[in-house]
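A.B. asks: sequence? don't have it. structure:
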């Protein structure tokens with residue numbers, strides 16, 4: 001069991017020891033090398049996919065497709081960002097996920113799908129069957145695997161930001177939103193080119209029909225598929241490190257479910273004249289409702305964890321008695337940020353938002369540790385989070401107290417006599433900064 005001294009290190013003395021005496025970092029392990037390679041890969045993928053899509057749609061078709069395809073993107077990203085408001089992940093993860101979906105995953109899908117479909121058509125000498133097989137079998141496997149790669153990369157290399165189901169849903173959903181954005185440019189641009197050749201205009205055009213199906217009726221289709229993969233990785237993130245088989249099988253199960261749902265959706269056109277609407281109404285809409293309920297329920301469960309885990313830090317003197325209630329309520333948190341912004345300006349509101357985020361991460365860290373899912377760096381991470389809270393307390397506490405007075409029930413807040421915490425948390429919690 002992990003044990004640690006009750007007093008965190010002074011800010012001037014990092015826990016890592018004396019500078020220059022740590023393990024040697026090789027050049028390929030440096031952050032700037034990794035980030036540079038990733039940016040170069042995504043940029044190259046973006047340029048190639050741009051050239052391929054423009055080649056298929058033409059310049060005018062590309063611009064029309066781009067203008068129409070961008071419409072659902074802000075709404076979808078805002079929805080996933082709202083879901084992530086309890087413990088918001090860094091924007092760089094979302095930017096990476098969207099860029100991966102729009103550039104790398106889309107490029108993989110276009111190249112692999114085209115190659116596989118041509119190979120099947122050449123082998124079987126039946127182009128029609130090859131197209132059907134490519135849409136219902138090849139495309140779901142290739143596209144969902146390409147999108148899942150982004151979730152896997154965040155899970156492996158940004159593990160501190162990937163702590164549960166909501167994180168998996170958000171990363172997967174934003175990745176799929178980027179992928180659908182590029183795919184919609186291609187489909188809408190191609191439809192516009194067809195209309196240019198046939199002279200169709202208005203509501204009877206192929207462009208209007210494509211826009212209605214892909215942008216109006218089913219903008220959530222790709223995110224819905226890939227969210228199943230994200231849920232699998234989220235469950236794996238909640239599993240103890242020693243459960244290796246579960247941490248592998250659950251994400252694979254989510255990926256297979258995503259492929260299966262994608263295949264059913266793509267195959268709806270082969271189910272008869274009304275096959276698309278039958279699959280949409282009987283299968284897609286209920287699944288969308290179910291997964292939306294699951295995501296919102298998980299969000300509420302996170303807030304409950306905040307209210308249940310933080311009182312231990314009240315007893316130790318790190319937090320005031322009202323803070324667990326405020327930090328466990330999205331309305332109270334918003335009021336605290338608004339109070340700080342009106343009284344002290346935007347920097348103060350940003351400081352309060354950071355305080356809320358650090359406190360939430362602290363609650364989740366303790367929640368995982370109580371269930372045996374804390375990593376080896378639990379002690380170090382707890383110290384870091386407590387230190388960040390203490391640095392922002394002067395600005396955050398008046399705002400949180402105001403929010404508590406505005407939203408708390410009309411009963412006195414009583415701090416229960418929490419016992420000292422031992423075992424996985426080491427010695428009893430204490431606050432060395434408290435006089």
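C.D. replies: Structure's in. What do you need? This structure is a prediction, so every number in the text was calculated from the model and none was measured. Numbering: from 1, shown residues only.
A.B. asks: wouldn't residue 117 be in contact with residue 130 here?
C.D. replies: Yes - in this structure residue 117 lies within contact range of residue 130 using CB atoms under 8 Å: 5.4 Å. Where C-beta positions appear, they are placed from N, C-alpha and C, glycine not excepted.
A.B. asks: where does residue 405 land in three-state SS?
C.D. replies: helix (DSSP: H, G, I helix; E, B strand; the rest coil).
A.B. asks: if I look at it, how far off is residue 398?
C.D. replies: 11 Å (CB to CB, to the nearest Å).
A.B. asks: looking at the two, which has the bigger crowd around it?
C.D. replies: residue 398 (17 against 12; other CB atoms under 10 Å).
A.B. asks: show me what the helix or strand containing that one is packed against.
C.D. replies: For residue 398, the host element (DSSP states H and E) is helix 393-407. Secondary structure elements in contact with helix 393-407, counted by 3 or more CB pairs under 8 Å, 6 or more residues apart in numbering; DSSP states H and E, are helix 323-327, helix 330-344, helix 346-370.
A.B. asks: correct me, but residue 127 touches residue 133?
C.D. replies: No - if you go by CB under 8 Å, residue 127 and residue 133 don't touch, sitting 10.6 Å apart.
A.B. asks: buried set for the longest helix anywhere in the chain?
C.D. replies: Longest helix in the chain, counting residues (DSSP state H): helix 31-69. Neighbour-count burial for helix 31-69, counted by 16 or more other CB atoms under 10 Å, picks out 38, 42, 45-46, 48-49, 52-54, 57-58, 61-62, 64-66, 68-69.
A.B. asks: run the chain-centre distance for the lowest-mean-pLDDT helix or strand in the chain.
C.D. replies: When each helix and strand of the chain is scored by mean pLDDT, DSSP states H and E, helix 127-133 comes last, with a mean of 80. Distance, stretch centre to chain centre, for helix 127-133: 35 Å (CA atoms, centre = their mean, to the nearest Å).
A.B. asks: also stretch 228-237?
C.D. replies: 11 Å.
A.B. asks: for it, which outside residues touch it?
C.D. replies: For stretch 228-237, contacts defined as CB atoms under 8 Å, 6 or more residues apart in numbering pick out 144, 147-148, 151-152, 155, 159, 162-173, 246-248, 250-255, 257-258, 261, 291, 294.
A.B. asks: again, only using 7 Å
C.D. replies: 144, 148, 151, 155, 162-165, 167-169, 171-173, 247, 250-251, 253-255, 257-258, 261 (CB atoms under 7 Å, 6 or more residues apart in numbering).
A.B. asks: repeat for stretch 81-94
C.D. replies: With CB under 7 Å, 6+ apart as the criterion, stretch 81-94 contacts 154, 158, 161, 166-167, 169-171, 174, 295, 299, 302-303, 330, 357, 360-361, 364.
A.B. asks: from those residues, which land in helices?
C.D. replies: 154, 166-167, 169-171, 174, 295, 299, 302-303, 330, 357, 360-361, 364.
A.B. asks: pull the contacting residues for residue 254.
C.D. replies: Residue 254 neighbours (CB under 7 Å, 6+ apart): 228, 229, 231, 232.
A.B. asks: neighbour-wise, which of these leads?
C.D. replies: residue 229 (31 neighbours).
A.B. asks: what's the angle between the helix or strand hosting it and helix 346-370?
C.D. replies: Using DSSP H and E, residue 229 sits in helix 221-238. Angle between the axes of helix 221-238 and helix 346-370 is 60 degrees (criterion: axes from the mean of the first three to the mean of the last three CA atoms, to 10 degrees).
A.B. asks: how distant is helix 221-238 from the center of its chain?
C.D. replies: 9 Å.
A.B. asks: could you point out which element follows that helix?
C.D. replies: helix 244-266.
A.B. asks: between helix 221-238 and that next one, find me the angle.
C.D. replies: Using the same axes, to 10 degrees: helix 244-266 against helix 221-238 is 170 degrees.
A.B. asks: coming back round to it: what's the helix holding residue 398 in contact with?
C.D. replies: By CB under 7 Å, 6+ apart, helix 393-407 touches 320, 322-323, 325-326, 329, 331-332, 335-336, 339-340, 344, 348, 351-352, 355.
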